[in-house]
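Q: only geometry, no sequence info:
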């Protein structure tokens, strides 16, 4: 097990910069997710850690040791690829044993280690089968067993769940996290799926256009987004223009055209100073209530429901407040409001976050 | 007519032009050949119709035919081996190149635009006594007088390799191109060097293409008569030359028929062995 450090790493392909200067430290034993849309550089970073790509600038340290010049087969990594990359001409047991043959493992110990790895992924009886005889989820588990049986210093997961069906994906998510907890290996997980990232990670690194937007625990990046990109990428957010009147005593006083004045905890308004600002309100924090409802501690505005997107457990409303469209995701209590209904939309100020106005990019 | 009956008939209707062509141009002539092989050529030069086993007895027992058959298989075998060794790296290079794959494949097909006979004869201009190579060696003073480089077994194999290499490259390419490159990445991530990953993963997965290319080269090589005719010496005749000799020169159709069926049988056995272990589907993939 080892820490991973990307030190001022840059990757350019010709004139295209895939990864802008990035400094990223992944502590030993942590489960860190690189999250972002396709083309944000997350896979490029993973491939540089793996040794499948060379960084244009900067250093890669694994366990404190510079590995830029170390070829992939000497980095002692476990990689799970998006398409599993199981060897189709080898049995499951031969697939899992593959890496052991290149390490100083006595031949007599290999079957035991293979069996233990298959046990760990809960597929003890498929050793003699060929990969194509297994389902997608099973192949995924075998790919994981093959990657961890060699006791790698770092486990790299390249969108390993994206090829699975929705239900299976959620099961595998739990399974993957259980196995990672059990063996405690430093893990770098690449995904574009925010729910995977939120559910599994110790730390999330949100990336966009080759840059790190924010690094933090799942709660930090969800509740206190550092940029509008992060606020939009994780969950649904309403981002509105506001004015900051004052920051003092742990509270930032905001004034928004539709909702009036209210105070946001300064911890959720990092970098905001008096003047123009942006308020970020999660869709599930905007509560839709019958018209005229007054609730203690709520900032409210009158609204009209434009669209109702019924989702069973929850409902997603698009509503109009003044000339602005907002979205709200609420639990359904009895029955949802109907389209065209007049309602009161409200939120608690402490559920709101504020961002400085970003320079256009 | 029921829908099922109509649907069952449709493939046969669509296939009928091709099936008629195969029947008329392949099976009927082949049947003639089989019938001819049991006729007998008399000393007057006329064919005697009947059921005689004399041609078959001569073809199967005469050591002359056996030696030439073995020599033919040897030359086809060496040609196939040379094509495999030369073709594999080229196919690998094309399969792994980015972007210009189509261009490289086009270059590979380019020789097919020139007649095989012309391509074979081009070696006379290169290796002949007054050919390019001799002229070059003479002009730089490396030799005093021209060397006879043509008309031996080596030039026959050279000509066959020239003819058959693209078939080998294409077959191996198709196989390699279908192999997911992340398999090699996976192998190296597990501790194998690039070379070990190739030997453990890529090579075994490409064997069907290699075998298909090998079969094609062997069958086409063993059946050739133009290359030994143009580039071989008097002692380099291959089996198809005997058939040519019997039928065209001696007008002995019965013996020529027996000989050609003999070669056909030997090659059919090889194709059968291949089909038993690898299946024809792979060969079709390489041809298409």
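A: That came through, no problem. Every value quoted in this text rests on a predicted model; they were computed, and no experiment measured them.
Q: rest of the way, CA atoms for contacts and neighbours
A: Noted.
Q: how about the helix ranked longest in chain B: buried residues?
A: In chain B, taking DSSP state H as the definition, the longest helix is helix B:63-96. Under the neighbour-count criterion of 16 or more other C-alpha atoms under 10 Å in any protein chain shown, helix B:63-96 has B:65, B:68-69, B:71-73, B:75-84, B:87-88, B:90-92, B:94-95 buried.
Q: ok, and the closest non-adjacent residue to whichever residue of the stretch 101-250 of chain B sits closest to chain A?
A: Nearest residue of the stretch 101-250 of chain B to chain A, counting by C-alpha to the nearest C-alpha: residue B:191, 4.1 Å away. Distances taken as C-alpha to C-alpha, 6 or more residues apart in numbering or on different chains put residue A:73 closest to residue B:191, at 4.1 Å, once the chain neighbours are dropped.
Q: what about that neighbour, distance to residue A:27?
A: Using C-alpha to C-alpha, to the nearest Å, residue A:73 is found at 22 Å from residue A:27.
Q: residue B:50 now?
A: 92 Å.
Q: neighbour count: those two, which is higher?
A: Neighbours per residue, other C-alpha atoms under 10 Å in any protein chain shown: of residue B:50 and residue A:27, the larger number sits with residue A:27, 17 against 11.
Q: identify the residues contacting that one.
A: A:2-4, A:186 (C-alpha atoms under 8 Å, 6 or more residues apart in numbering or on different chains).
Q: where do the helices of the stretch 1-150 of chain B begin and end?
A: B:3-22, B:28-36, B:54-61, B:63-96, B:101-109, B:116-127, B:132-139 (DSSP state H, counting those that start in this stretch).
Q: what does chain A put close to chain B?
A: A:50, A:52, A:72-79, A:81, A:85-87, A:89, A:98-99, A:102-103, A:147, A:150 (C-alpha under 8 Å from any C-alpha of the partner chain).
Q: which among these count as buried?
A: Among the residues of chain A next to chain B, those classed as buried by 16+ other C-alpha under 10 Å are A:50, A:72-79, A:81, A:85-87, A:98-99, A:102, A:147, A:150.
Q: hmm, what's the outermost residue in chain A?
A: Largest separation from the mean C-alpha position in chain A: residue A:108, at 41.0 Å (C-alpha atoms, centre = their mean).
Q: ok so it is a helix residue?
A: Yes - assigned with DSSP: H, G, I helix; E, B strand; the rest coil, residue A:108 falls within a helix.
Q: quick check: which ranges of the stretch 1-150 of chain B have low pLDDT?
A: Scanning the stretch 1-150 of chain B for pLDDT under 70 picks out B:1.
Q: re the thing from before, what about the residues of chain A next to chain B, which are in helices?
A: A:50, A:147.
Q: show me the residues of chain A next to chain B that map onto strands.
A: Those of those mapping onto strands are A:77-79, per DSSP state E.
Q: let's have the helices of the stretch 1-150 of chain B in JSON lines, adding distance to residue A:242.
A: Shown next, in JSON lines, are these (distance: least, C-alpha to C-alpha, whole Å):
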{"stretch": "helix B:3-22", "distance to residue A:242": "70"}
{"stretch": "helix B:28-36", "distance to residue A:242": "90"}
{"stretch": "helix B:54-61", "distance to residue A:242": "100"}
{"stretch": "helix B:63-96", "distance to residue A:242": "55"}
{"stretch": "helix B:101-109", "distance to residue A:242": "55"}
{"stretch": "helix B:116-127", "distance to residue A:242": "80"}
{"stretch": "helix B:132-139", "distance to residue A:242": "85"}
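Q: what would these look like in JSON lines with distance to chain A?
A: Compiled in JSON lines, these are given as follows (distance: least, C-alpha to the nearest C-alpha, whole Å):
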{"stretch": "helix B:3-22", "distance to chain A": "32"}
{"stretch": "helix B:28-36", "distance to chain A": "41"}
{"stretch": "helix B:54-61", "distance to chain A": "43"}
{"stretch": "helix B:63-96", "distance to chain A": "15"}
{"stretch": "helix B:101-109", "distance to chain A": "20"}
{"stretch": "helix B:116-127", "distance to chain A": "38"}
{"stretch": "helix B:132-139", "distance to chain A": "44"}
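Q: nearest to residue B:147, of those?
A: Proximity to residue B:147 (C-alpha to C-alpha) singles out helix B:132-139 among the helices of the stretch 1-150 of chain B, at 6.8 Å.
Q: list the helices and strands that closest one packs on?
A: Helix B:132-139 is packed against helix B:116-127, with contacts defined by 3 or more C-alpha pairs under 8 Å, 6 or more residues apart in numbering or on different chains; DSSP states H and E.
Q: between the helix it packs on and helix B:132-139, how big is the angle?
A: Per axes from the mean of the first three to the mean of the last three C-alpha atoms, to 10 degrees, the angle that helix B:116-127 makes with helix B:132-139 is 10 degrees.
Q: what are the buried residues along helix B:116-127?
A: Neighbour counts over helix B:116-127 (16+ other C-alpha under 10 Å) mark B:116, B:119-121, B:123-124, B:126-127 as buried.
Q: what does it contact?
A: B:131-134, B:148-150, B:159, B:163, B:226-227, B:230-231.
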